[in-house]
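Asks: no sequence for this one, just the structure:
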RNA sequence: GGCGAUUUAGUGUAGGGGUCUAGCACGCCACCCUCUCAAGGUGGAGACUCGGGUUCGAAUCCCGAAUUCGCUACCA
């Protein structure tokens, strides 16, 4: 039996990075076993619906390479894949439960329920209290009929029989048993918007869509027994899916689930893509816009709560797929280690093909006002290659390699103090003379021995001369090998910069 | 409060009775490399939540406690 899994987000806002991780694990499991990945939109909460959220989900998954086989966009044999378009199906199933006596109608208003909660310390709508509430059980069929006809709003509640141990077989946690007495009579359907709640829609859809494995976050574990009961009530136990409750992604510092706020507070994205909130107008940063490569995000996320069983860390999505197994999932929540995420991105940038890196750098240059047409792709590419090992994000290429495109307009004061002395201008003049003895292109393998030889012959201090040289060309004491820089720039530009530095740098007194 | 889950260094994890003086990675520190900053290499500091058992022997098995997290909505 090939598995059919589903990722079932609610379009109530941007897809959270924890949701992405859940989607990824669904994907890896499905692909590992040649199964099918379904994307179902669970928009049963009309109150919290956010326009644009569904597109955001699709775009995010597409960016990350988490492909979908069946869904709203992809179509498929078990559609529609959006719950708000499945009302007829839910109504029919609610009726089935009602007819079988496994559910009942309740008229209690939100205010009445609130009052009940106030009156009773640990109020729960269940076997112990349903007998004194306003529902079809206490009112009788006739009165219930009358109230419905009169247009009174109602909900349908699941009738939970108390005192039964219900066991869920979870693929990462093993057997989890809870007593049905602690479950309340969950609302399954609301007449107000003619929509089911999560619990009902979820079970019905998973069954109808022939889902074999329900892979979701740990926050669903407490309601899993309720879902088991629902499968029983429908008579679907023989085809009930296996459950997998993944450990949660936790805040990097303090306690609790990773939330939207943590990103702003700690300075890292918690969303895959930048999100513009249509209501508040707030902008939340995204991994994509921050400069993360999708492969790095996938790799990083996969290793949060799962490991391949050996020491490998850098793995493509296909490698992850081939190794994926729930037996190697951990049970405890994983604190979100943002530093490690940066490291993954660093690694993936190092592995980028030259052309791709060149393209990325061109964008960065353009954003910083450089006319990229003035430089050849080769020049841009070589500059990027030289500095890529010291960056984590493409944007940092600018900090590291701007001097290849713009002559320094200031000189690092600390470096000046350390490396620029009264004698330096004269030595720099001499250096220009030496450079002029060399080919105009300043090939490193020629320039390096020549200049180093000159420094040695003169008995100059190597570090001081080279760093003054660097200061003049780069503006500070950092960057790739000096002769690699000068080879790329060529003699004219190098000479111009040295002259400029000699006239600009004033010794501080 | 109730119910459930969880527990190896700062973080992610390996480990499934002796091979553990507990491995790997990120981060941190030092050294090497070196014209600088990185990268890289080498090394270092740093952990089995606690208490009882079981056993010749426990990070590994059992019990208890504690911890942290989640759920406890006409939200998912």
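Replies: Thanks, I have the structure now. Nothing here was measured: the structure is a model prediction, and the numbers come from that model.
Asks: hmm, stretch A:45-58 in reach of RNA strand B?
Replies: Yes - counting by C-beta under 7 Å from any atom of the strand, contacts between stretch A:45-58 and RNA strand B involve A:45, A:47, A:48. No exception for glycine: its C-beta is placed from N, CA and C like everyone else's.
Asks: from chain A, which residue is nearest to RNA strand B?
Replies: Proximity of chain A to RNA strand B (C-beta to the nearest atom of the strand) peaks at residue A:255, 2.1 Å away.
Asks: confirm that residue sits in a strand?
Replies: No - Residue A:255 is assigned coil when assessed by DSSP: H, G, I helix; E, B strand; the rest coil, not a strand.
Asks: distance of it relative to residue A:60?
Replies: Remark: distance between residue A:255 and residue A:60 (C-beta to C-beta, to the nearest Å) = 27 Å.
Asks: quick one: contacts for the residue lying closest to residue A:89 once chain neighbours are set aside?
Replies: Among residues not flanking residue A:89 along the chain, residue A:204 sits closest, at 6.5 Å (C-beta to C-beta, 6 or more residues apart in numbering). Residues in contact with residue A:204 (C-beta atoms under 8 Å, 6 or more residues apart in numbering) are A:89, A:90, A:93, A:196, A:234.
Asks: how many neighbours does the fourth one have?
Replies: I take that to be residue A:196. Other residues lying near residue A:196 total 26 when counted by other C-beta atoms under 10 Å.
Asks: quick one: which of the contacts of residue A:204 sit in strands?
Replies: Among the contacts of residue A:204, DSSP state E puts residue A:196 in strands.
Asks: just the closest of the contacts of residue A:204 to residue A:448, please.
Replies: Checking the contacts of residue A:204 against residue A:448 by C-beta to C-beta gives residue A:196 as the nearest, at 74.0 Å.
Asks: who wins for neighbours among the contacts of residue A:204?
Replies: The most crowded member of the contacts of residue A:204, judged by other C-beta under 10 Å, is residue A:196 (26 neighbours).
Asks: didn't that residue look like it was pressed against residue A:88?
Replies: No - the criterion here is C-beta atoms under 8 Å, and residue A:196 misses it with residue A:88 at 11.5 Å.
Asks: returning to that earlier point: which of residue A:255 and residue A:60 has more neighbours?
Replies: Shown here are residue A:255 and residue A:60; by other C-beta under 10 Å, residue A:60 has more neighbours (25 against 8).
Asks: next, that one: secondary structure please.
Replies: Here residue A:60 is recorded as helix under three-state DSSP.
Asks: quick one, phi/psi of the nearest residue to it once chain neighbours are set aside?
Replies: Ranked by C-beta to C-beta, 6+ apart and with sequence neighbours excluded, the top spatial neighbour of residue A:60 is residue A:272, at 4.2 Å. Phi and psi for residue A:272, reported as degrees, to the nearest 10, are phi -60, psi -40.
Asks: list the contacts for residue A:272?
Replies: By C-beta under 8 Å, 6+ apart, the contact set of residue A:272 is A:15, A:17, A:20, A:60, A:63, A:64, A:286, A:287, A:288, A:297.
Asks: cool, residue A:97 as well?
Replies: Contact analysis of residue A:97 by C-beta under 8 Å, 6+ apart lists A:103, A:156, A:158, A:188, A:233, A:234.
Asks: so for the residue of chain A closest to RNA strand B, what's the pLDDT?
Replies: Per-residue confidence at residue A:255 stands at 74 (pLDDT).
Asks: same check on residue A:393?
Replies: According to the prediction, residue A:393 has pLDDT 96.
Asks: what is the neighbour count of the nearest residue to it once chain neighbours are set aside?
Replies: In space, and not counting its chain neighbours, residue A:393 is closest to residue A:291: 3.6 Å by C-beta to C-beta, 6+ apart. Counted with other C-beta under 10 Å, the neighbours of residue A:291 add up to 18.
Asks: ok, residue A:449 next?
Replies: Other residues near residue A:449 come to 11 when the count uses other C-beta under 10 Å.
Asks: host element of it?
Replies: Element membership for residue A:449, per DSSP states H and E: helix A:444-458.
Asks: repeat that for residue A:361.
Replies: Using DSSP H and E, residue A:361 sits in helix A:354-367.
Asks: off-centre distance for that helix?
Replies: Chain-centre distance of helix A:354-367: 23 Å, with C-alpha atoms, centre = their mean, to the nearest Å.
Asks: what lies in contact with it?
Replies: Contacts of helix A:354-367 (C-beta under 8 Å, 6+ apart): A:349, A:352, A:372, A:375, A:377, A:380-381, A:383-385, A:388, A:394-395, A:397-398, A:401, A:405.
Asks: swap in stretch A:228-243?
Replies: If you take C-beta under 8 Å, 6+ apart as the criterion, stretch A:228-243 is touched by A:93, A:96-97, A:100, A:102-103, A:158, A:160, A:166-171, A:180, A:183, A:199-200, A:203-204, A:206-207, A:210-214, A:224.
Asks: give the ChimeraX command for selecting the buried subset of those residues.
Replies: Only the buried entries of these go into this ChimeraX selection, using 16 or more other C-beta atoms under 10 Å:
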select /A:93,97,102,103,158,160,166,168,170,171,180,183,199,200,203,204,206,207,211,212,213,214,224
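Asks: so which of the contacts of stretch A:228-243 are in strands?
Replies: Per DSSP E, the contacts of stretch A:228-243 map to strands at A:103, A:158, A:166, A:167, A:168, A:169, A:170, A:213, A:214.
Asks: so the first one touches residue A:188, yeah?
Replies: Yes - between residue A:103 and residue A:188 there is a contact at 6.1 Å, judged by C-beta under 8 Å.
Asks: tell me, what's touching the two both at once?
Replies: Counting by C-beta under 8 Å, 6+ apart, the common neighbours of residue A:103 and residue A:188 are A:94, A:97, A:156, A:157, A:158.
Asks: reformat the residues you listed as CSV; add distance to residue A:356 and pLDDT.
Replies: Below are those laid out as CSV (distance: C-beta to C-beta, whole Å; pLDDT from 0 to 100):
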residue, distance to residue A:356, pLDDT
A:94, 53, 97
A:97, 55, 97
A:156, 55, 97
A:157, 56, 98
A:158, 53, 98
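Asks: and the residues you listed near RNA strand B, which?
Replies: Of the shared contacts of residue A:103 and residue A:188, not one also sits near RNA strand B (C-beta under 7 Å from any atom of the strand).
Asks: circling back: in terms of pLDDT, where does the residue nearest to residue A:89 sit?
Replies: Looking at residue A:204, its pLDDT stands at 98.
Asks: again, but for the one 4 residues further on
Replies: pLDDT, residue A:208: 98.
Asks: you'd agree it is up against residue A:78?
Replies: Yes - Residue A:208 lies in contact with residue A:78 (C-beta under 8 Å); the separation is 6.2 Å.
Asks: show me what whichever strand or helix holds residue A:400 is packed against.
Replies: Using DSSP H and E, residue A:400 sits within helix A:396-401. Packed against helix A:396-401 by the contact rule (3 or more C-beta pairs under 8 Å, 6 or more residues apart in numbering; DSSP states H and E) you find helix A:354-367, helix A:377-387.
Asks: for that helix, give me every contacting residue.
Replies: Applying C-beta under 8 Å, 6+ apart, the contact partners of helix A:396-401 are A:360-361, A:364-365, A:367-368, A:383-384, A:386-388, A:390-391, A:478-479.
Asks: contacts for the helix or strand following that helix, please.
Replies: Per DSSP H and E, the first helix or strand lying C-terminal to helix A:396-401 is helix A:413-419. Contact with helix A:413-419 is made by A:463, A:464, A:467, A:468, A:471, A:476, A:477, A:505, A:508, as judged by C-beta under 8 Å, 6+ apart.
Asks: quick one: buried residues of stretch A:366-375?
Replies: Buried residues in stretch A:366-375 (16+ other C-beta under 10 Å): A:370, A:372, A:375.
Asks: an error on my part: the question was meant for stretch A:120-139.
Replies: For stretch A:120-139, burial by neighbour count (16+ other C-beta under 10 Å) applies to A:123, A:124, A:125, A:126, A:127, A:130, A:133, A:134, A:135, A:136, A:137, A:139.
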